[in-house]
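1. this one's sequence-less:
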């Protein structure tokens, strides 16, 4: 791949000031996907709002929302996402048996 076409995670010091809320929400330590998306501030801000809506349960509520996230993670084989949301699912009352059935 041509190195000129690569998009690299952006150091926080280079983030657009409009993304301060995300840095604050992540306690000053955004993960790599956030740093990558920071190359396009409008995209990251729109995704951040969607992410928060989804993680908070949206119209589904937290329990159903976590089940949907886990199901999507299995369908697209997003094991990182799966791992991150198993703990969240347990915290909202989803049993290990229910998680295994997903």
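-> Cool, got the structure. Quick caveat, the model's predicted, so the values are computed rather than measured.
2. So, low pLDDT: which residues of this protein?
-> 1-3 (pLDDT under 70).
3. Give me the residues contacting stretch 6-26.
-> 28, 30, 32, 34, 35, 36, 38, 39, 41, 44, 45, 48 (C-beta atoms under 8 Å, 6 or more residues apart in numbering). Using the backbone N, CA and C atoms, a C-beta is placed for each residue, glycine as well.
4. Please read the previous query as pertaining to stretch 57-72.
-> Contacts of stretch 57-72 (C-beta under 8 Å, 6+ apart): 54-56, 78, 81-82, 85-86, 88-89, 92-94, 98-99, 102.
5. And the residue at minimal distance from the centre of the chain, how far from residue 5?
-> In the chain, the C-alpha nearest the mean C-alpha coordinate belongs to residue 51, at 5.8 Å (C-alpha atoms, centre = their mean). Counting by C-beta to C-beta, to the nearest Å, the separation of residue 51 from residue 5 is 26 Å.
6. can you check residue 38 too?
-> On the measure of C-beta to C-beta, residue 38 and residue 5 end up 18 Å apart.
7. What about the residue lying closest to residue 38 once chain neighbours are set aside, how many residues nearby?
-> Leaving aside its sequence neighbours, residue 38 sits nearest to residue 10 (C-beta to C-beta, 6 or more residues apart in numbering; 4.3 Å). Using other C-beta atoms under 10 Å, residue 10 has 20 other residues around it.
8. Would you tell me what helix or strand residue 10 is located in?
-> Per DSSP states H and E: residue 10 is located in neither a helix nor a strand.
9. So it versus residue 58, what's the distance?
-> Applying C-beta to C-beta to residue 10 and residue 58 gives a distance of 28 Å.
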